[in-house]
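[1] Return a 3D structure for these sequence lines:
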Amino acid sequence: MSPTFRSLRNPNYRLYAAGGVVSNTGTWMQRVAQDWLVLQLTANSAAALGITTGLQFLPFLLLSPFAGLVADRMPKRRLLQLTNLGMALPAVVLGLLAVTGTAQIWHVYVLAFALGTAAAFDAPARQSFVSEIVDGDDLANAVGLNSASFNAARLVGPALAGVLIAALGGGVAATGWVILANAVSYAAPITALRRLDGSGLHSPEPTRRQPGQIRAGVSYVLGRPDLLLVLAIVFFTGTFGLNFQMTSALMATQVFDRGATAYGLLGTFLAVGSLTGSLVAARRVRVRLRLIVVAALVFALLEVVAGLMPTYLTFALMTPLLGLSALTMITAANTFMQLHSDPGMRGRVLALYMMIFIGGTPLGAPFIGWIGEVAGARWTLILGGSVTAVGVLAASAAYLHRQRLAERPRAISAPAPATAVAG
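    Got it, this is the predicted structure:
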């Protein structure tokens, strides 16, 4: 078997990955359908789109530390079954409201927050559960393949959603049927988790309840400059750069005057680059901080260039490059956090990672949406990429300065080399 796919030799991982592909496809279908529903209900309001995105990711900011502790305390296999069910229920309700024509924008806001709450508990458990399925030597490969699975679904999901919405009339009810399809897709990971062979899992003993466990996780990360640099990078990229669903919708509708199908295809083009980046990451044995920094800067530059593209075609051709650079950074950052964290802290460390990476969206999405409302859709990309680049450079400079300060006492305390005395 090719080294790129070596984790698939593990039967449990094959089953787990198969369930993930189905669910991820449904998730991407709902993302497109939900954004299109908001635009239908608000006459293409960029601000409403930003609020919806922000509310869906706000729970990551509010609940991630507690969710990480739950992931360390509770068997992750059982927790993931509950979180998938928790994500299916808001999709059922929103889908039925849209199909029956009774959906209002406040319904979308409330249910986006509910979906995000379940997802906030799902993320650290799902990220850290991979290390229980595969051996340590295959962890980097499995993380890369998980990203590949996510982005393979991203190839299919947005385009399929766009085609279905257009085929069903392009209105509110059409988005509802797509959202209901996502609700059904959660049955796949729930079934896969139930069928895993427990004897093949490397499940650690759940962390016992003790006071100050969340604080201990935060203190652990604060004492690690390398982890802090990764968290700073993902904060700037996640908050200001990775708002593709919103920025693509605004570019498609406001700048290029295109419909649902063209909007969905932008997500597919983006996923071509993302999938390529994930497969390259699956072959990577080691991950260095330099790779994370460079990939983030390249992504920021490409985002600015994409905002300047004059036509839909040239903009679409830029999206695979955006996807490649973004997924190189994301996969490298995720792998670095897992490989360089203590197993007993991994759930809490990854929860902080998800809180900062995804939880930054509620801060950035309304701001980027407001920029689109005031200055135009192009500035959502130009400004987002510029702020990302400045933030990554500042974080890297701070890390290097801290490293120099840490090395200085060692240099001062080192004994002076012996010198020969002339006779």
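[2] Could I get the full set of helices for the stretch 1-150 of the chain?
    11-42, 46-73, 76-99, 105-133, 139-167 (DSSP state H, counting those that start in this stretch).
[3] Tell me which of the ones you listed sits nearest to Val387.
    Comparison of the helices of the stretch 1-150 of the chain against Val387 by C-beta to C-beta identifies helix 46-73 as nearest, at 15.4 Å. Yep, even glycine has a C-beta here, placed from its N, CA and C like the rest.
[4] for that closest one, which positions count as buried?
    Neighbour counts over helix 46-73 (16 or more other C-beta atoms under 10 Å) mark 46, 48-65, 67-72 as buried.
[5] Now that helix: average pLDDT?
    Per-region confidence: helix 46-73 scores 82 on mean pLDDT.
[6] Would you mind pulling up the elements that it packs against?
    Counting contacts by 3 or more C-beta pairs under 8 Å, 6 or more residues apart in numbering; DSSP states H and E, helix 46-73 is packed against helix 11-42, helix 105-133, helix 213-222, helix 244-250, helix 346-357, helix 361-375.
[7] With adjacent residues omitted, what lies nearest to Leu155?
    Excluding its sequence neighbours, the residue lying closest to Leu155 (C-beta to C-beta, 6 or more residues apart in numbering) is Ala271, at 4.3 Å.
[8] Quick check, that neighbour in contact with Gly323.
    Yes: using C-beta atoms under 8 Å, Ala271 is in contact with Gly323, at 6.1 Å.
[9] so what sits against both of these two?
    Asn151 (C-beta atoms under 8 Å, 6 or more residues apart in numbering).
[10] before we move on, the earlier item: right, so of the helices of the stretch 1-150 of the chain, which gets closest to Ile358?
    Comparison of the helices of the stretch 1-150 of the chain against Ile358 by C-beta to C-beta identifies helix 46-73 as nearest, at 4.3 Å.
[11] Tell me how far that closest one lies from the chain's centre.
    Taking C-alpha atoms, centre = their mean, to the nearest Å, one finds the center of helix 46-73 at 12 Å from the center of the full chain.
[12] by how many degrees do that helix and helix 361-375 diverge?
    Counting by axes from the mean of the first three to the mean of the last three C-alpha atoms, to 10 degrees, helix 46-73 lies at 170 degrees to helix 361-375.
[13] Specify the angle between helix 46-73 and helix 76-99 in degrees.
    160 degrees.
[14] before we move on, the earlier item: is it possible to get TSV of the helices of the stretch 1-150 of the chain that adds distance to Thr335?
    What follows is those, written out as TSV (distance: least, C-beta to C-beta, whole Å):
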stretch	distance to Thr335
helix 11-42	16
helix 46-73	18
helix 76-99	18
helix 105-133	10
helix 139-167	5
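[15] Out of those, flag the one nearest Ile179.
    When the helices of the stretch 1-150 of the chain are compared by C-beta to C-beta, helix 76-99 sits nearest Ile179, at 3.8 Å.
[16] Mind pulling up the pLDDT for the residue nearest to the spatial centre of the chain?
    Among the residues of the chain, the one closest to the centroid is Ile358, at 6.2 Å (C-alpha atoms, centre = their mean). Looking at Ile358, its pLDDT is 74.
[17] Next: Gln104.
    Model confidence at Gln104 (pLDDT) stands at 94.
[18] Just confirm it contacts Leu41, I think it does.
    Yes: between Gln104 and Leu41 there is a contact under C-beta under 8 Å: 6.9 Å.
[19] Give the residue from the two that has the larger number of neighbours.
    Per other C-beta atoms under 10 Å, whichever of Gln104 and Leu41 has more neighbours is Leu41, with 19 against 10.
[20] What distance do you get for that one to Leu301?
    As for Leu41, its distance to Leu301 is 35 Å (criterion: C-beta to C-beta, to the nearest Å).
[21] now swap in Trp370 and tell me
    24 Å.
[22] Ok, Glu407 next?
    Separation of Glu407 from Leu301 (C-beta to C-beta): 31 Å.
[23] So those two - more neighbours on which side?
    Using other C-beta under 10 Å as the criterion, Glu407 and Leu301 rank with Leu301 on top: 15 against 10.
[24] And the helix or strand in which the more buried one is found, what's buried?
    Assigned by DSSP states H and E, Leu301 belongs to helix 289-307. Neighbour-count burial for helix 289-307 flags 289, 291-300, 302-304, 306-307 (criterion: 16+ other C-beta under 10 Å).
[25] Just the CA atoms of it, as PDB, please.
    Extracted as PDB, the C-alpha positions of helix 289-307 are listed here (Å, rounded to 0.1, in the frame of the first residue of the first chain):
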ATOM      1  CA  LEU A 289       7.200  25.300  12.800                       C
ATOM      2  CA  ARG A 290       8.800  26.800   9.700                       C
ATOM      3  CA  LEU A 291       6.400  25.000   7.400                       C
ATOM      4  CA  ILE A 292       3.400  26.300   9.400                       C
ATOM      5  CA  VAL A 293       4.700  29.900   9.300                       C
ATOM      6  CA  VAL A 294       5.500  29.800   5.500                       C
ATOM      7  CA  ALA A 295       2.200  28.200   4.500                       C
ATOM      8  CA  ALA A 296       0.200  30.800   6.500                       C
ATOM      9  CA  LEU A 297       2.100  33.700   4.800                       C
ATOM     10  CA  VAL A 298       1.600  32.200   1.300                       C
ATOM     11  CA  PHE A 299      -2.100  31.700   2.000                       C
ATOM     12  CA  ALA A 300      -2.400  35.300   3.200                       C
ATOM     13  CA  LEU A 301      -0.700  36.600   0.000                       C
ATOM     14  CA  LEU A 302      -2.900  34.500  -2.200                       C
ATOM     15  CA  GLU A 303      -6.000  35.700  -0.500                       C
ATOM     16  CA  VAL A 304      -5.200  39.300  -1.300                       C
ATOM     17  CA  VAL A 305      -4.500  38.400  -4.900                       C
ATOM     18  CA  ALA A 306      -7.800  36.500  -5.100                       C
ATOM     19  CA  GLY A 307      -9.600  39.600  -4.000                       C
END
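[26] Many thanks, I have nothing further to ask.
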